[in-house]
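Engineer: just need the structure, nothing else, for what follows:
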Amino acid sequence: MGVADEITLTGLRVFGYHGVYDEERRTGQDFVIDVTLRLDTRPAAASDDVSDTVHYGEAAEQIAGIVGGEPVDLLETLAARIADHLLGDARVDGVRVTVHKPQAPIPLTFADVSVTIDRTRGDA
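Structural biologist: From the prediction side, this is the model:
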């Protein structure tokens, strides 16, 4: 079993144009992203050097670029793009990504809609 260390970023709000409906693609809306990275933080703890870990500020900027970038229809696709990007860092063993769409076009009162995926290095 690997190391169980985690870095978590919660509530990253980014405006994007994702959705199945033309109106969503035209007007856009806020998406809220939660990410947990699983990695060994011991090298960073020993060196006290940010270059030995995942810089969460840089990760947030990269996630924002994905969410604010090319539109997709499904939250599942957006979550997978974020996960795939984060797993591109060799230090990251696994990720949990939740994409919230609090303004989803549902004609009922609701607080939130979200999709959560959990991926590890080597997942197909």
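Engineer: what secondary structure does Leu37 sit in?
Structural biologist: strand (DSSP: H, G, I helix; E, B strand; the rest coil).
Engineer: how about Gly65?
Structural biologist: Recorded secondary structure, Gly65: helix (three-state DSSP).
Engineer: okay, now it: neighbour count?
Structural biologist: The local packing of Gly65 (other CB atoms under 10 Å) involves 11 other residues. C-beta: built from backbone N, CA, C; applies to glycine.
Engineer: work out for me the element Ile117 sits within.
Structural biologist: Using DSSP states H and E, Ile117 maps to strand 114-120.
Engineer: starting at the chain centroid, how far to that strand?
Structural biologist: Centroid displacement of strand 114-120 relative to its chain, using CA atoms, centre = their mean, to the nearest Å, is 9 Å.
Engineer: show me what it is packed against.
Structural biologist: The helices and strands touching strand 114-120, judged by 3 or more CB pairs under 8 Å, 6 or more residues apart in numbering; DSSP states H and E, are helix 75-86, strand 92-100.
Engineer: residues of that strand that come out buried?
Structural biologist: Within strand 114-120, the residues that count as buried by 16 or more other CB atoms under 10 Å are 114-115, 117, 119.
Engineer: if you skip the residues just before and after it, what's nearest to Arg91?
Structural biologist: Residue nearest to Arg91 in three dimensions, not counting chain neighbours: Leu39, with 5.0 Å by CB to CB, 6 or more residues apart in numbering.
Engineer: quick check: the gap between the one you found and Asp52.
Structural biologist: 10 Å (CB to CB, to the nearest Å).
Engineer: ok, these two, which is more surrounded?
Structural biologist: Leu39 (22 against 15).
Engineer: which one of the helices and strands packed on strand 114-120 lies closest to Ile63?
Structural biologist: Comparing the helices and strands packed on strand 114-120 by their distance to Ile63 (CB to CB), the top pick is helix 75-86, with 5.6 Å.
Engineer: can I get the helix or strand hosting Pro43 in CSV? Just the C-alpha atoms.
Structural biologist: Pro43 is located in helix 42-47, with elements delineated by DSSP H and E. Taking C-alpha atoms only, helix 42-47 is exported to CSV below (Å, rounded to 0.1, in the frame of the first residue of the first chain):
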residue,chain,number,x,y,z
ARG,A,42,7.8,13.1,3.0
PRO,A,43,10.4,14.6,0.6
ALA,A,44,8.9,18.0,0.9
ALA,A,45,8.6,17.7,4.7
ALA,A,46,12.3,16.7,4.9
SER,A,47,13.6,19.5,2.6
